[in-house]
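K.L.:
My questions are about this predicted structure, shown below with the sequence.
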Amino acid sequence: MRVYDQLYIDGQWVAPSGAGALEVVDSATEEVIATVPDGDATDVDRAVVAARRAFEAWSAVPGEERAKFLSRIKDGLEARRDELAGITAREVGMTLPKSYHVQLGATIRR
C-alpha cells in the first residue's frame, strides 16, 4: 500500500493542514491500495490563493508557449502510461484496456 502524505500546492509538495486521510480502494478486492491526505478548508484556501496568483502570469503567456507546457505534460503522462492506467483500472473498476482508452488515452489524445 502506498501512503501519500503531502498535497501539491503553489508549485511544491506541502504538508496538509489537517491530519485526516482518505483511503483509495481497489474496487475489485476492496483492498486499501493507498491513502491520500484529506485536505481541509485551509488547504483549499491555500490552493485557491496560489491558483489566483498563478493565473495572472499564466494568462499572459502566449498560446504557443502554453502549448509547449501542455505537450510536456502529455509526454509525462505517456511515459507513465502503464502505471497510471493500472492504478486507475483498480480504483474505478474497469479493465486495463478500457482504462488505457478511456481514462488515460482520452487525456493524451487531446
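P.N.:
Thanks, I have the structure now.
K.L.:
Using the record's domain definitions, break the chain down for me.
P.N.:
With domains defined by automatic domain parsing, the chain comprises 1-60, 62-110.
K.L.:
In JSON lines: those domains, plus mean pLDDT.
P.N.:
Output for the domains of the chain, formatted as JSON lines (pLDDT from 0 to 100):
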{"stretch": "domain 1-60", "mean pLDDT": "95"}
{"stretch": "domain 62-110", "mean pLDDT": "89"}
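K.L.:
Those domains into CSV, with extra columns for mean neighbour count?
P.N.:
Any C-beta I mention is one placed from the backbone N, CA and C, and that applies to glycine too. Below are the domains of the chain laid out as CSV (neighbours: other CB atoms under 10 Å):
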stretch, mean neighbour count
domain 1-60, 13
domain 62-110, 13
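K.L.:
how far is the helix or strand where I108 lies from where the chain is centred?
P.N.:
Element membership for I108, per DSSP states H and E: helix 106-109. Helix 106-109 has its C-alpha centroid displaced from the chain centroid by 15 Å (CA atoms, centre = their mean, to the nearest Å).
K.L.:
Residues contacting that helix, please?
P.N.:
Applying CB atoms under 8 Å, 6 or more residues apart in numbering, the contact partners of helix 106-109 are K74, L77, E78, R81.
K.L.:
And the third one, how far from E64?
P.N.:
Distance of E78 to E64, given as CB to CB, to the nearest Å: 21 Å.
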